[in-house]
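Chemist: Fold the following, please.
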Amino acid sequence: MARRVLHLIAATVPGTGVDTFVLQLCTAQRRLGVEATVSCEAEGREPLFEAALAAGVAVAPLPARGASRLPRRVATARHLARQVAFVRGALGGRGAEVLHLHVVGGEGLPAYLAALASAAPLVVTHHTTLEFLGERRHAPRTRLTLALERRRADRMVFAYQRAQEEYNGQRQNFFQHCRNTDF
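Modeler: Numbers count the residues shown, from 1 in each chain. Below is the predicted model:
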């Protein structure tokens with residue numbers, strides 16, 4: 001059984017049910033002897049970080065975008081690279097043994113890219129449906145993250161039955177593409 005899990009919350013609105021879900025999961029894992037760490041961008045997440053630390057759950061803020069004089073696309077690429085490096089570092093050495101990504105739609109590109117370079121099992125929990133994204137579900141970045149997910153995810157978890165039905169309908173035999181790794 002894995003003893004160190006990095007829970008990465010991909011770009012959601014702070015203070016939502018995703019934060020509560022992750023905090024409760026980490027607290028339960030801690031009671032079972034699992035070292036759970038919460039990671040996400042820190043802006044607006046102070047209440048989550050405070051609650052996690054009070055519950056004995058480690059916190060590892062993702063690198064913030066910060067101000068930049070670089071052109072927008074260059075700054076975005078730099079930010080993406082910094083986040084990928086951060087997640088890869090969190091999975092290396094004595095770091096996390098499992099990456100558990102909590103996503104809303106097509107977010108989480110840095111985690112998927114880092115997972116490609118790691119042997120650590122990847123668990124993905126979807127906290128909404130693709131329908132929630134509207135037209136953004138057809139955006140290139142969303143399509144890329146979903147393709148990387150299909151290629152790399154070891155386990156998929158759906159917070160809603162509707163989300164699971166939607167994913168199964170959108171991607172025929174989705175689960176046959178998930179790696180079957182015991183951990």
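
Chemist: contacting residues around the most centrally placed residue in the chain?
Modeler: Taking Cα atoms, centre = their mean, the centroid of the chain lies closest to residue 101, which sits 2.5 Å from it. Residue 101 is in contact with 8, 10, 108, 111-112, 115, 122-125, counting by Cβ atoms under 8 Å, 6 or more residues apart in numbering. The way it works is simple: take the backbone N, C-alpha and C, and place the C-beta from them, glycine included.

Chemist: What residues are bridge-paired with it?
Modeler: Bridge pairing for residue 101 (DSSP bridges) gives the partners residue 8, residue 124.

Chemist: So the most far-flung residue of the chain relative to its centre versus residue 79, what's the distance?
Modeler: Distance from the C-alpha centroid of the chain peaks at residue 69, with 28.5 Å (Cα atoms, centre = their mean). Plainly put, residue 69 is 14 Å away from residue 79 if you go by Cβ to Cβ, to the nearest Å.

Chemist: sorry, back to before: so which of the contacts of residue 101 comes closest to residue 54?
Modeler: The closest of the contacts of residue 101 to residue 54 turns out to be residue 8 (Cβ to Cβ; 20.5 Å).

Chemist: Thanks again, I'm all set now.
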